[in-house]
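Enquirer: Fold the following for me, if possible:
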Amino acid sequence: MEKLVYEAFKKLQKQEHLLKVIREQRGLGRITQKEFREREAEILDRYRLTVSEQRAYDLYVIMTQGRKRRK
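Expert: Predicted coordinates for the structure are as follows:
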């Protein structure tokens with residue numbers, strides 16, 4: 001499970017970074033709205049979590065929330 005959580009985090013971090021980059025490009029007017037939507041869809045599709053990665057990530061979130069409440 002740890003490997004799946006690690007892979008999920010890597011994918012989510014890469015996805016968020018790339019989305020941030022294209023949002024900045026759109027905000028600066030370097031790309032059109034149409035191009036932004038195309039790139040966004042491509043990034044979301046490429047870095048989508050698999051079912052097993054999503055389950056492992058969800059379980060990790062539940063486990064860490066329980067730890068925070070106890071402290």
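Enquirer: can I assume residue 1 is in contact with residue 59?
Expert: Yes. Using C-beta atoms under 8 Å, residue 1 is in contact with residue 59, at 7.1 Å. In this view, the C-beta of every residue, glycine as well, is placed from N, C-alpha and C.
Enquirer: And the contacts of the helix or strand containing residue 44?
Expert: Element membership of residue 44, judged by DSSP states H and E, is helix 33-46. Residues outside helix 33-46 that contact it (C-beta atoms under 8 Å, 6 or more residues apart in numbering): 15, 18, 19, 22, 23, 25, 26, 31.
Enquirer: who does the strand or helix carrying the first one touch, helix- and strand-wise?
Expert: For residue 15, the element it lies in under DSSP H and E is helix 2-27. Taking 3 or more C-beta pairs under 8 Å, 6 or more residues apart in numbering; DSSP states H and E as contact, the helices and strands that helix 2-27 lies on are helix 33-46, helix 51-70.
Enquirer: Point to the residue nearest the middle of this structure.
Expert: residue 12 (2.7 Å; C-alpha atoms, centre = their mean).
Enquirer: what sits against it?
Expert: With C-beta under 8 Å, 6+ apart, residue 12 has these contacts: 47, 49, 57.
Enquirer: low-confidence ranges in the protein?
Expert: Applying pLDDT under 70 to the chain picks out residues 67-71.
Enquirer: let's go with 80 and repeat that
Expert: 1, 66-71 (pLDDT under 80).
Enquirer: quick one: which of the contacts of residue 12 is nearest residue 5?
Expert: Distance to residue 5, by C-beta to C-beta, is smallest for residue 57 among the contacts of residue 12, at 6.1 Å.
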